[in-house]
Structures are given as C-alpha cells and as structure tokens.
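Peer 1: Please find the sequence and the predicted model below.
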Amino acid sequence: MKPRPASPLVVALLALTTGCTSDATFDLVISGGQVIDPETGFFDVADVGIRDGAIAAIGDGLQGERVIDATGHVVAPGFIDLHEHGQIEEAYGLMVRDGVTTALELEVGDEDVDAWYAARDGGQIVNYGVSIGHMQVRMDVMDDPGSGLTPAGVAGSDAATPEQLDEIEARLRRGLERGALAVGFGTAYTPGATMAEVERMFGVAGENGAPVHIHMRSGLAGLDSTIAAADRAGAPLHVVHVNSSSGEDIEEFLATIEEARGAGQDVTTETYPYGAGMTEITSALFDDWESWPEERFGDHQLVSTGERLTRESFGEARAAGGTVIIHGRTEEMTRTAVAHPLTIIASDGFIVDGQGHPRTSGSYSKVLGQYVREEGVLGLEEAVAKMTIMPARRLEDWAPLFQRKGRMQVGMDADITVFDPETVIDRSTYMDATIPASGIPYVIVGGEVVVDGGQ
C-alpha cells in the first residue's frame with residue numbers, strides 16, 4: 001500500500017447511489033444489510049454491488065455472481081488500523097477476523113521501506129503499509145541491534161553525532177520517497193535523542209506534508225513539547241495511544257490536543273480499548289525499575305508465561321528479554337479515551353508465535369460489543385467513523401489512495417466489514433491473545449471475500 005507523493009492520485013468521488021436497480025450482474029452483492037457510510041451519514045438498508053475490486057452500485061435488487069445475505073447486519077467500510085506491529089500472516093489472520101482490512105505499522109515503522117514492502121510481495125490477506133521509522137533508522141545508523149522493536153543500547157541512551165544526524169535525516173527523506181506512509185517516532189524509547197534532533201526530523205515530515213506518528217515521552221510536559229515541536233516544523237502530528245501516554249491525565253491530554261486543533265494545528269490521536277499495554281521489558285521505559293516501590297511490580301505480567309512479576313522476577317526477565325503486559329489503568333480512563341470525539345480506534349497490537357496482547361484479535365469487536373452495545377458510551381455510527389473515515393482522513397492528504405477507503409460509496413475500494421451489532425464481541429484474553437472475535441461473518445478486501453461465514 002504505497003503512496004505516490006510525486007504524482008498525486010486524483011480520485012473522483014462518485015455520488016452515493018440509492019434506490020438503484022440494474023440488470024447488470026456484479027461479481028459480488030451484499031444484500032439487505034444496513035449500509036453505513038460515515039462520510040455522508042447514509043445509514044439504511046440497501047444492496048452493495050462489487051465489481052473489479054470496487055463498489056460499483058448501492059441500491060435495491062442488485063444481482064451478483066455471488067450474493068451474501070446481510071439481513072440484520074451492518075455493512076460498513078473495512079476497519080483501518082493505523083497502529084499494528086504484528087505485520088505477519090499469523091497476526092493478519094486474527095486482525096481480519098476483527099474486521100480490519102488495512103493494517104499499518106506507522107509508529108515504529110522500519111528502517112528500509114523497500115525491503116519491508118518486498119518481504120510482503122505476493123499478496124497478504126489485508127492491505128498493509130509502513131512508516132519510515134526514526135527509531136529504527138537511529139538503531140541502524142548507531143549500530144544498535146536492539147531487543148525486539150526497541151533499542152537496547154546506544155540508540156536509546158546516547159545523543160547522535162552531527163554525522164549520524166545527517167545520515168538519519170537522509171534516510172528519513174529516502175523512506176518518504178520510497179513509499180512510507182508517515183514518519184514514525186518512539187521518543188519514549190530514545191531518551192538520548194534531544195528535542196533538537198526530534199524537531200529536525202519532524203521538519204523532514206513537515207517539508208513533505210507527511211504525518212508524524214509518535215509514541216512520545218509521557219506526561220503533559222511531553223505532550224506540550226511534542227505539539228510545539230511539530231508546530232514549529234509544520235508537521236502534521238498524530239499522537240499514538242493517548243490512553244497509555246496520558247495515564248491518569250487522560251482528560252487533560254485530550255483537552256490539550258483539542259486546544260492545539262482549535263488554534264489551527266493538524267493534530268490527531270488514537271486509543272485502544274484495553275486497560276493494559278505491552279512493550280519490550282528491556283526498553284528504556286523501565287530503566288528506573290530498581291527504584292520502583294514493591295507494589296508496582298505486580299502490575300507487570302510476562303507474556304511468555306502469564307506470570308505477574310515481583311522485584312526479583314522482573315530483574316530476571318529484564319536480563320533475559322521478552323515482552324511484558326502493563327496493567328494499572330482504570331476502566332474509567334479507558335472509557336474516557338474511547339468515547340472522546342477526537343480519538344481514532346487503533347490496536348497497537350502485536351502477536352508472534354501465538355503470544356502477545358489481545359488487542360490484535362479484539363480491539364474493534366470490543367468497541368462495538370462493549371462500548372456501543374453493552375455500555376452505550378458510543379453510538380454505532382460514531383464508533384464506525386472512528387474505525388474508518390477518521391483514520392482514512394489522517395492519511396489521505398499525504399497518501400491520496402486513502403481517499404478511496406473508509407467510505408461506502410460508489411467508486412470506493414471494496415474493503416468492507418459485515419458485522420452483527422447484536423453479537424459482535426472480542427474473545428481474546430491476556431492469557432490467550434489469539435482467540436478470534438465473533439459476530440463478524442464476512443470481510444471483503446479489494447472485492448475478495450477473506451472472512452466467509454466467520455471463518
């Protein structure tokens with residue numbers, strides 16, 4: 001899923017056709033569902049005709065080579081996940097069962113965009129894309145092999161030399177030229193990177209009009225400095241997982257982002273619908289672990305065993321490496337983030353060899369099942385917008401192909417999720433993160449049925 005920044009794609013947005021009948025036979029018809037288009041506000045029973053990978057008609061009485069009966073179901077644009085680290089077939093298979101049709105690695109990204117795309121040539125079950133990652137490039141330039149996705153040595157702890165800064169900047173520019181969908185940053189994992197370095201690299205994004213997706217240093221001070229640096233650099237800014245970066249200050253974080261937007265700055269944010277996060281136990285986030293109070297260790301759960309850690313076992317696990325789930329946020333914090341009008345839903349998921357966080361398998365179904373149906377803190381149309389049109393709009397100025405996604409309109413890409421609003425729910429857990437969601441019987445990617453009857 002590469003953008004073409006040198007030759008922007010012009011998309012003619014065709015009018016939504018309702019009440020249409022036709023003798024034409026479509027490749028696929030989704031019949032009798034509640035079709036929802038978050039851009040126009042259309043939400044009514046209709047048939048959807050698909051031909052050559054695109055939505056060709058929306059109306060009544062459409063005929064197709066195959067007809068899916070969607071009576072009693074919602075027919076929505078496929079969900080767009082801006083923040084998914086598990087870019088392998090195992091994870092893709094779980095995401096698509098959760099309604100995801102586009103899975104993007106935009107926070108961490110990669111140091112070599114060409115190689116990243118080449119590794120996925122030949123087709124995957126979902127659309128995919130990547131950022132050029134400042135942290136990943138920094139690790140490569142500074143000869144830090146890292147631990148998993150994050151630095152393990154000098155790329156995290158040390159300031160870059162002038163020569164290294166020049167090389168990092170040049171490689172970020174090349175990444176954007178080669179099809180990166182954003183510039184990704186993990187400044188929470190690179191405390192050695194000065195704000196002067198960060199702002200300089202923001203400038204690469206700003207000069208090109210590419211968005212910055214950043215796991216920033218935590219706290220309101222970190223948010224303020226990040227917003228200010230992006231403003232000076234002219235870079236569109238996307239703050240990842242506001243729920244975990246903010247902690248107890250979620251309302252203040254969201255108010256600060258609203259204030260920046262009110263002043264005319266291009267700032268967006270996202271959340272995942274879980275009270276626990278996950279990261280590498282060797283990362284710089286835990287450099288001060290030896291000074292923690294005893295009770296803090298129990299909030300950390302080793303992914304490989306499910307064990308809740310103590311001071312002793314945390315030290316042993318940090319020496320050995322691996323991933324850890326971080327508990328501690330209240331349900332009210334999560335609910336506040338999910339329900340806020342500004343937040344995009346994005347999973348921050350990661351699954352490898354059957355282990356990881358349940359958010360890869362269940363983020364979208366959890367929002368629809370728990371927060372829409374069971375708790376009513378979100379309306380259905382608002383929730384669908386958070387999963388579709390809002391992430392598409394975050395990217396479409398830089399990557400115009402997203403003008404064809406996140407919408408149920410004639411001429412748009414046939415990336416479609418069909419779900420039952422009465423039964424959709426997540427089933428994955430912290431002990432078993434690979435249980436697929438339920439209540440999503442059909443998912444279509446590029447006109448092809450990739451989830452069929454829930455399988």
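Peer 2: Right, received. Where do you want to start? On a predicted model such as this, the values are computed, not experimentally measured, just so you know.
Peer 1: can you give me the helices for the stretch 351-455 of the chain?
Peer 2: With DSSP state H, counting those that start in this stretch applied, the stretch 351-455 of the chain shows helices at 359-366, 380-387, 389-396, listed in chain order.
Peer 1: Work out for me the element G49 sits within.
Peer 2: Element membership of G49 [criterion: DSSP states H and E] is strand 43-51.
Peer 1: Please compute how far that strand lies from its chain's middle.
Peer 2: For strand 43-51, the distance from its own C-alpha centre to the chain's C-alpha centre is 27 Å (Cα atoms, centre = their mean, to the nearest Å).
Peer 1: List the pairing partners of that strand within its sheet, with orientation.
Peer 2: The strands beside strand 43-51 in its sheet (DSSP bridges) come out as strand 25-36 (antiparallel), strand 54-59 (antiparallel).
Peer 1: could I get the ones you listed as TSV with distance to E65?
Peer 2: For the C-beta atoms, the positions are set from N, CA and C on the backbone; glycine is no exception. Conversion of those to TSV gives the following (distance: least, Cβ to Cβ, whole Å):
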stretch	distance to E65
strand 25-36	6
strand 54-59	13
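Peer 1: Looking at the ones you listed, which is nearest to D231?
Peer 2: Distances from D231 to each of the strands paired with strand 43-51 were compared by Cβ to Cβ, and the smallest falls on strand 25-36, at 35.0 Å.
Peer 1: what comes up buried for that closest one?
Peer 2: Within strand 25-36, the residues that qualify as buried by neighbour count (16 or more other Cβ atoms under 10 Å) are F26, D27, L28, V29, I30, S31, G32, G33, Q34, V35, I36.
Peer 1: If the fifth one is in a bridge, with which residues?
Peer 2: Each beta-bridge partner of I30 is listed here: V48, I68, as defined by DSSP bridges.
Peer 1: Spit out the contact partners of it.
Peer 2: Applying Cβ atoms under 8 Å, 6 or more residues apart in numbering, we find I30 in contact with D47, V48, I50, V67, I68, A70, V75, I416, V418, Y442, I444.
Peer 1: Looking at those residues, which one is closest to A205?
Peer 2: For the contacts of I30, the nearest to A205 is I416 (31.5 Å; Cβ to Cβ).
Peer 1: quick one: average pLDDT of the one helix or strand E167 maps to?
Peer 2: Mapping E167 onto the secondary structure by DSSP H and E places it in helix 162-177. Looking at helix 162-177 alone, the average pLDDT works out to 99.
Peer 1: Name the helix or strand for the closest residue to M390 other than its chain neighbours, please.
Peer 2: With Cβ to Cβ, 6 or more residues apart in numbering as the criterion, M390 has its nearest non-adjacent residue at 4.7 Å, and that residue is I344. Secondary structure from DSSP H and E places I344 in strand 343-345.
Peer 1: Look up how far G156 lies from T150.
Peer 2: As defined by Cβ to Cβ, to the nearest Å, T150 lies at a distance of 7 Å from G156.
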